[in-house]
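Visitor: pasted the sequence and its predicted model underneath.
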Amino acid sequence: MTYITGETIKRLREKKKLTQKELAEKLMVSDKTVSKWETGKGLPDLSILSELANALSVSVPELLTGDVAINRNISANMKRSQFYVCPICGNVIHAMGEGAFSCCGIRLPEQDAEDPDELHRIYVENLDGELYVYLDHPMEKGHSISFMAYVTDCHLQMEKLYPEQAAQAHFRRAGRGTIFAFCNRHGLFSVKV
């Protein structure tokens with residue numbers, strides 16, 4: 001893991017329109033201390049990172065990486081659903097908009113859903129108030145559909161799939177929405193229903 005850089009502190013301080021002295025007062029340190037941080041002649045102590053992040057209006061991970069996430073998601077909305085999948089452990093995170101998520105020590109990129117191709121064609125059948133969703137896709141340890149999800153304007157239903165299963169799921173019909181299927185090799189695919 002990298003530690004915070006002086007360049008990051010300076011950039012975030014200036015973005016907040018704070019002088020070195022104003023930031024120092026918020027942290028109860030001298031403005032010379034802040035100057036040393038920004039010029040690379042010193043580093044903030046670990047015990048002050050949370051206060052520094054708070055003073056600069058960022059999270060501690062954003063402070064450490066210098067990669068500040070901009071929240072364009074003014075109000076959460078299921079139609080803005082995003083999925084984040086850890087390539088190491090397979091953990092799946094659902095968010096109602098953009099976010100900054102980490103797992104197994106890495107920052108997870110949001111999965112951009114693509115239209116299905118021949119190998120990832122998503123079939124949907126309406127059976128007695130249920131949606132039966134399936135793919136004609138290999139379900140092997142190194143290449144499989146890891147999960148399927150059905151997202152409507154106010155519901156999320158998700159099924160975790162494993163290589164020893166078929167690439168299929170059943171969802172309670174909840175109106176118009178989108179079906180998502182995640183291939184562990186090729187990414188996220190979606191189809192409107």
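Guide: Cool, the structure landed.
Visitor: all strands for the chain, in order.
Guide: Secondary structure of the chain (DSSP state E): strands located at 82-85, 92-95, 101-103, 106-108, 123-127, 130-134, 145-152, 156-160, 168-172, 177-183, 187-192.
Visitor: list the strands paired with the third one, with their directions.
Guide: Under the criterion DSSP bridges, strand 101-103 sits next to strand 106-108 (antiparallel) in its sheet.
Visitor: what about the partner strand, distance to the chain center?
Guide: 8 Å (C-alpha atoms, centre = their mean, to the nearest Å).
Visitor: list the buried residues for that strand?
Guide: Leu108 (16 or more other C-beta atoms under 10 Å). All C-beta atoms are positioned from the backbone trio N, CA, C, and that covers glycine.
Visitor: contacts for it, please.
Guide: Identification of contacts with strand 106-108 by C-beta atoms under 8 Å, 6 or more residues apart in numbering yields 61, 65, 67, 84-88, 93, 100-102.
Visitor: out of the strands of the chain, nearest to Glu14?
Guide: Minimum separation from Glu14 across those (C-beta to C-beta) falls at strand 106-108, 23.9 Å.
Visitor: ok, back up a step: make a markdown table out of the strands of the chain and add mean pLDDT.
Guide: Output for those, formatted as a markdown table (pLDDT from 0 to 100):
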| stretch | mean pLDDT |
| --- | --- |
| strand 82-85 | 92 |
| strand 92-95 | 92 |
| strand 101-103 | 88 |
| strand 106-108 | 85 |
| strand 123-127 | 94 |
| strand 130-134 | 96 |
| strand 145-152 | 95 |
| strand 156-160 | 95 |
| strand 168-172 | 96 |
| strand 177-183 | 95 |
| strand 187-192 | 94 |
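Visitor: can I get those strands in TSV including distance to Trp37?
Guide: Formatted as TSV, these follow (distance: least, C-beta to C-beta, whole Å):
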stretch	distance to Trp37
strand 82-85	32
strand 92-95	32
strand 101-103	24
strand 106-108	23
strand 123-127	55
strand 130-134	53
strand 145-152	43
strand 156-160	43
strand 168-172	51
strand 177-183	42
strand 187-192	40
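Visitor: quick one: Tyr132 from Arg172, how far?
Guide: 11 Å (C-beta to C-beta, to the nearest Å).
Visitor: likewise for Ser144?
Guide: Distance from Ser144 to Arg172, by C-beta to C-beta: 24 Å.
Visitor: which one's more surrounded, Tyr132 and Arg172?
Guide: Counted by other C-beta atoms under 10 Å, Tyr132 and Arg172 do not tie: Tyr132 has more neighbours, with 14 against 10.
Visitor: domain ranges for the protein, per the record?
Guide: Domain ranges of the chain: 6-65, 78-192, per automatic domain parsing.
Visitor: gap between the first one and the chain center?
Guide: Relative to its parent chain, domain 6-65 has a centroid offset of 26 Å by C-alpha atoms, centre = their mean.
Visitor: for the closest residue to Leu161 other than its chain neighbours, give me its contacts.
Guide: The shortest distance from Leu161 to any non-neighbouring residue, by C-beta to C-beta, 6 or more residues apart in numbering, is to Ile145 (5.3 Å). Taking C-beta under 8 Å, 6+ apart, we find Ile145 in contact with 135, 137, 139, 161, 167, 181-184.
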